[in-house]
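K.L.:
return a 3D structure for these sequence lines:
(one chain, ligands or ions: 3)
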Amino acid sequence: MNRAALAHRLTLHVLTDREWSRGRDTVTVARAALEGGATVIQLRDKLASTRELIEQGQALRELTRAYNALLIVNDRVDVAVAVDADGAHVGQDDMPAPLARQILGPQRILGVSAGTLDEALGAIKDGADYLGVGPIFATRGKLDAGPAIGAKLISTLAARFPTPLVAIGGLTATNAPEIIRAGAAGIAVITAVVAADDITAATRELLTTIQAAKQSPQAHP
Ligand SMILES: Cc1ncc(COP(=O)(O)OP(=O)(O)O)c(N)n1
Ligand SMILES: Cc1ncsc1CCOP(=O)(O)O
Ligand SMILES: [Mg+2]
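P.N.:
Ligands and ions are numbered 1, 2, ... in the order given. All right, here's what the predicted structure looks like:
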(Lines give C-alpha, C1' and ligand atoms only; values in the text may rest on other atoms or scores of the structure.)
(Ligands and ions follow the chains in the order given, each with its own letter.)
Protein backbone atom coordinates (compact mmCIF):
# COMPACT_ATOMS: atom_id res chain seq x y z
CA MET A 1 0.00 0.00 0.00
CA ASN A 2 1.44 3.41 -0.85
CA ARG A 3 1.72 6.18 1.78
CA ALA A 4 -1.28 8.20 0.61
CA ALA A 5 -3.52 5.13 0.63
CA LEU A 6 -2.25 4.16 4.08
CA ALA A 7 -2.77 7.68 5.44
CA HIS A 8 -6.37 7.55 4.21
CA ARG A 9 -6.97 4.17 5.80
CA LEU A 10 -5.57 5.35 9.15
CA THR A 11 -8.31 7.98 9.56
CA LEU A 12 -10.01 6.54 12.64
CA HIS A 13 -8.23 3.96 14.74
CA VAL A 14 -10.29 2.34 17.53
CA LEU A 15 -8.31 0.48 20.21
CA THR A 16 -10.16 -2.30 21.96
CA ASP A 17 -9.82 -2.37 25.72
CA ARG A 18 -11.87 -4.71 27.85
CA GLU A 19 -11.28 -2.60 30.95
CA TRP A 20 -13.20 0.28 29.31
CA SER A 21 -15.83 -1.78 27.51
CA ARG A 22 -18.40 -1.80 30.30
CA GLY A 23 -18.88 -5.55 30.13
CA ARG A 24 -19.31 -5.67 26.34
CA ASP A 25 -17.04 -8.23 24.68
CA THR A 26 -14.30 -7.17 22.30
CA VAL A 27 -15.95 -8.48 19.15
CA THR A 28 -19.23 -6.72 19.99
CA VAL A 29 -17.36 -3.45 20.62
CA ALA A 30 -15.36 -3.77 17.41
CA ARG A 31 -18.43 -4.61 15.31
CA ALA A 32 -20.25 -1.53 16.63
CA ALA A 33 -17.21 0.67 15.91
CA LEU A 34 -16.88 -0.75 12.38
CA GLU A 35 -20.57 -0.13 11.82
CA GLY A 36 -19.88 3.54 12.70
CA GLY A 37 -16.99 3.73 10.23
CA ALA A 38 -13.80 2.91 12.14
CA THR A 39 -11.08 2.42 9.54
CA VAL A 40 -8.70 0.51 11.85
CA ILE A 41 -9.33 -1.83 14.75
CA GLN A 42 -6.33 -2.22 17.01
CA LEU A 43 -6.56 -5.33 19.18
CA ARG A 44 -5.29 -4.10 22.54
CA ASP A 45 -5.95 -6.28 25.55
CA LYS A 46 -3.51 -6.16 28.41
CA LEU A 47 -5.40 -8.86 30.37
CA ALA A 48 -5.80 -11.58 27.76
CA SER A 49 -3.82 -14.81 27.68
CA THR A 50 -2.03 -15.59 24.43
CA ARG A 51 -4.77 -18.10 23.59
CA GLU A 52 -7.48 -15.47 24.16
CA LEU A 53 -5.60 -12.91 22.07
CA ILE A 54 -5.36 -15.37 19.19
CA GLU A 55 -9.09 -16.13 19.40
CA GLN A 56 -9.98 -12.43 19.52
CA GLY A 57 -7.55 -11.73 16.69
CA GLN A 58 -9.07 -14.43 14.48
CA ALA A 59 -12.58 -13.13 15.11
CA LEU A 60 -11.49 -9.53 14.46
CA ARG A 61 -9.68 -10.62 11.30
CA GLU A 62 -12.91 -11.93 9.84
CA LEU A 63 -14.87 -8.89 10.98
CA THR A 64 -12.41 -6.26 9.73
CA ARG A 65 -12.26 -7.97 6.33
CA ALA A 66 -16.05 -7.84 6.09
CA TYR A 67 -15.93 -4.07 6.74
CA ASN A 68 -12.82 -3.44 4.63
CA ALA A 69 -11.00 -2.09 7.68
CA LEU A 70 -7.43 -2.70 8.83
CA LEU A 71 -6.56 -4.95 11.77
CA ILE A 72 -3.52 -4.00 13.84
CA VAL A 73 -2.38 -5.99 16.89
CA ASN A 74 -0.92 -4.02 19.79
CA ASP A 75 2.36 -5.18 21.42
CA ARG A 76 2.27 -8.77 20.11
CA VAL A 77 4.01 -8.99 16.76
CA ASP A 78 3.81 -12.80 16.88
CA VAL A 79 0.03 -12.67 17.30
CA ALA A 80 -0.25 -10.20 14.42
CA VAL A 81 1.44 -12.68 12.08
CA ALA A 82 -0.43 -15.69 13.52
CA VAL A 83 -3.87 -14.17 12.84
CA ASP A 84 -2.80 -12.64 9.51
CA ALA A 85 -3.43 -9.09 10.76
CA ASP A 86 -2.53 -6.14 8.55
CA GLY A 87 0.13 -5.09 11.02
CA ALA A 88 1.33 -4.54 14.57
CA HIS A 89 1.87 -1.54 16.82
CA VAL A 90 4.89 -1.35 19.15
CA GLY A 91 5.76 1.25 21.79
CA GLN A 92 9.08 2.38 23.18
CA ASP A 93 9.11 -0.43 25.78
CA ASP A 94 7.95 -3.15 23.37
CA MET A 95 9.81 -5.22 20.82
CA PRO A 96 12.30 -2.91 19.04
CA ALA A 97 10.97 -1.75 15.69
CA PRO A 98 13.75 -3.35 13.56
CA LEU A 99 12.98 -6.77 15.07
CA ALA A 100 9.26 -6.21 14.66
CA ARG A 101 9.90 -5.40 10.99
CA GLN A 102 11.90 -8.61 10.55
CA ILE A 103 9.02 -10.66 11.92
CA LEU A 104 6.29 -8.74 10.09
CA GLY A 105 8.11 -8.70 6.77
CA PRO A 106 8.03 -5.81 4.31
CA GLN A 107 4.31 -5.93 3.49
CA ARG A 108 2.63 -5.76 6.90
CA ILE A 109 2.14 -2.39 8.55
CA LEU A 110 4.44 -1.42 11.41
CA GLY A 111 3.23 1.33 13.74
CA VAL A 112 5.55 2.78 16.39
CA SER A 113 4.74 5.10 19.32
CA ALA A 114 6.56 8.41 19.67
CA GLY A 115 6.17 11.02 22.38
CA THR A 116 9.27 13.07 21.57
CA LEU A 117 11.10 14.24 18.45
CA ASP A 118 13.97 11.83 19.19
CA GLU A 119 11.59 8.87 19.45
CA ALA A 120 9.93 9.92 16.21
CA LEU A 121 13.26 10.24 14.39
CA GLY A 122 14.27 6.78 15.64
CA ALA A 123 10.98 5.23 14.56
CA ILE A 124 11.21 6.79 11.11
CA LYS A 125 14.80 5.57 10.73
CA ASP A 126 13.65 2.09 11.80
CA GLY A 127 11.11 2.04 8.99
CA ALA A 128 7.82 2.64 10.81
CA ASP A 129 4.91 2.90 8.37
CA TYR A 130 3.08 5.26 10.73
CA LEU A 131 3.77 6.90 14.07
CA GLY A 132 1.36 6.86 17.02
CA VAL A 133 2.04 10.30 18.50
CA GLY A 134 0.96 11.14 22.02
CA PRO A 135 -0.43 11.43 24.56
CA ILE A 136 -1.70 14.61 22.93
CA PHE A 137 -4.13 15.43 25.77
CA ALA A 138 -4.64 14.04 29.27
CA THR A 139 -5.84 10.47 28.92
CA ARG A 140 -7.83 8.01 31.00
CA GLY A 141 -7.02 5.16 28.62
CA LYS A 142 -3.39 4.52 29.62
CA LEU A 143 -2.33 5.05 33.21
CA ASP A 144 1.41 5.27 32.48
CA ALA A 145 1.08 7.44 29.37
CA GLY A 146 3.00 10.37 30.86
CA PRO A 147 2.16 14.06 30.53
CA ALA A 148 0.19 15.45 27.61
CA ILE A 149 2.40 16.81 24.82
CA GLY A 150 -0.14 18.87 22.85
CA ALA A 151 -0.19 19.30 19.07
CA LYS A 152 3.31 20.70 18.54
CA LEU A 153 5.06 17.39 17.76
CA ILE A 154 2.38 16.61 15.18
CA SER A 155 2.88 19.92 13.36
CA THR A 156 6.69 19.66 13.55
CA LEU A 157 6.72 16.11 12.16
CA ALA A 158 4.07 16.78 9.52
CA ALA A 159 6.13 19.68 8.18
CA ARG A 160 9.30 17.58 7.93
CA PHE A 161 8.39 13.98 7.17
CA PRO A 162 5.91 12.13 4.95
CA THR A 163 5.31 9.30 7.47
CA PRO A 164 1.60 9.30 8.40
CA LEU A 165 0.91 10.43 11.97
CA VAL A 166 -1.83 8.99 14.16
CA ALA A 167 -2.59 11.18 17.17
CA ILE A 168 -3.56 9.45 20.43
CA GLY A 169 -4.49 10.43 23.96
CA GLY A 170 -7.62 12.23 25.14
CA LEU A 171 -8.99 12.69 21.62
CA THR A 172 -12.70 13.45 21.22
CA ALA A 173 -14.99 14.80 18.52
CA THR A 174 -14.44 18.26 20.04
CA ASN A 175 -10.63 18.37 19.96
CA ALA A 176 -9.91 16.05 16.99
CA PRO A 177 -10.31 18.77 14.30
CA GLU A 178 -7.41 20.92 15.60
CA ILE A 179 -5.16 17.84 15.63
CA ILE A 180 -6.09 16.87 12.08
CA ARG A 181 -5.48 20.46 10.99
CA ALA A 182 -2.06 20.30 12.71
CA GLY A 183 -1.19 17.52 10.25
CA ALA A 184 -2.31 14.17 11.69
CA ALA A 185 -3.48 11.60 9.14
CA GLY A 186 -5.84 10.20 11.72
CA ILE A 187 -6.69 9.79 15.35
CA ALA A 188 -6.72 6.80 17.68
CA VAL A 189 -9.12 6.50 20.58
CA ILE A 190 -10.06 4.21 23.40
CA THR A 191 -12.56 5.75 25.80
CA ALA A 192 -14.29 8.13 23.39
CA VAL A 193 -15.61 5.06 21.55
CA VAL A 194 -15.18 1.95 23.67
CA ALA A 195 -16.76 3.46 26.81
CA ALA A 196 -19.57 5.26 24.94
CA ASP A 197 -23.22 4.35 25.52
CA ASP A 198 -23.71 4.13 21.76
CA ILE A 199 -20.43 2.97 20.23
CA THR A 200 -21.65 3.23 16.64
CA ALA A 201 -22.96 6.78 17.07
CA ALA A 202 -19.77 7.90 18.86
CA THR A 203 -17.61 6.43 16.07
CA ARG A 204 -19.75 8.02 13.37
CA GLU A 205 -19.52 11.44 15.02
CA LEU A 206 -15.73 11.19 15.26
CA LEU A 207 -15.41 10.06 11.65
CA THR A 208 -17.58 12.89 10.39
CA THR A 209 -15.61 15.52 12.30
CA ILE A 210 -12.27 14.13 11.15
CA GLN A 211 -13.39 14.01 7.54
CA ALA A 212 -14.66 17.60 7.73
CA ALA A 213 -11.36 18.75 9.28
CA LYS A 214 -9.38 17.00 6.54
CA GLN A 215 -11.28 19.05 3.99
CA SER A 216 -10.95 22.41 5.74
CA PRO A 217 -7.88 24.67 5.32
CA GLN A 218 -4.78 24.15 7.47
CA ALA A 219 -4.85 26.10 10.74
CA HIS A 220 -1.03 25.96 10.97
CA PRO A 221 0.38 26.12 7.42
C1 LIG B 1 -1.85 4.27 17.38
C2 LIG B 1 -1.20 4.01 18.69
N3 LIG B 1 -0.35 4.93 19.18
C4 LIG B 1 0.24 4.72 20.38
C5 LIG B 1 -0.02 3.57 21.08
C6 LIG B 1 0.64 3.31 22.41
O7 LIG B 1 1.55 2.20 22.37
P8 LIG B 1 2.44 1.90 23.66
O9 LIG B 1 3.21 3.14 23.95
O10 LIG B 1 3.21 0.67 23.45
O11 LIG B 1 1.37 1.67 24.80
P12 LIG B 1 0.30 0.50 24.90
O13 LIG B 1 -0.82 0.80 23.95
O14 LIG B 1 0.95 -0.79 24.55
O15 LIG B 1 -0.15 0.54 26.32
C16 LIG B 1 -0.91 2.64 20.52
N17 LIG B 1 -1.22 1.50 21.17
N18 LIG B 1 -1.48 2.88 19.33
C1 LIG C 1 -2.75 3.70 24.39
C2 LIG C 1 -2.42 5.13 24.60
N3 LIG C 1 -1.18 5.60 24.26
C4 LIG C 1 -1.04 6.90 24.52
S5 LIG C 1 -2.43 7.57 25.20
C6 LIG C 1 -3.24 6.08 25.13
C7 LIG C 1 -4.63 5.89 25.63
C8 LIG C 1 -5.67 6.55 24.79
O9 LIG C 1 -6.92 6.40 25.40
P10 LIG C 1 -8.02 7.57 25.29
O11 LIG C 1 -8.38 7.67 23.84
O12 LIG C 1 -9.15 7.06 26.11
O13 LIG C 1 -7.41 8.82 25.84
MG1 LIG D 1 2.77 -1.26 23.71
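K.L.:
please report phi then psi for whichever residue of the chain sits closest to ligand 2.
P.N.:
When distances are taken as Cβ to the nearest ligand atom, the chain approaches ligand 2 most closely through Gly141, which lies 2.1 Å from it. Every C-beta, even on glycine, is put in place using the N, C-alpha and C of the backbone. Main-chain dihedrals, Gly141, degrees, to the nearest 10: phi -80, psi -20.
K.L.:
grab the nearest non-local neighbour of it.
P.N.:
What sits nearest to Gly141 in space, not counting adjacent residues and going by Cβ to Cβ, 6 or more residues apart in numbering, is Ile190, at 3.6 Å.
K.L.:
can you give me the buried ones in the least confident helix or strand in the chain by mean pLDDT?
P.N.:
Among the helical and strand segments of the chain, the one scoring lowest on mean pLDDT, DSSP states H and E is helix 3-9, with a mean of 93. Applying a neighbour-count criterion of 16 or more other Cβ atoms under 10 Å, one finds 6-7, 9 buried in helix 3-9.
K.L.:
cool, stretch 174-190 as well?
P.N.:
Residues of stretch 174-190 classed as buried by neighbour count (16+ other Cβ under 10 Å): 175-190.
K.L.:
got the residue ranges for the helices in the chain?
P.N.:
If you assign secondary structure with DSSP state H, the helices in the chain sit at 3-9, 26-35, 50-66, 77-82, 97-104, 117-125, 152-160, 176-182, 191-194, 199-215.
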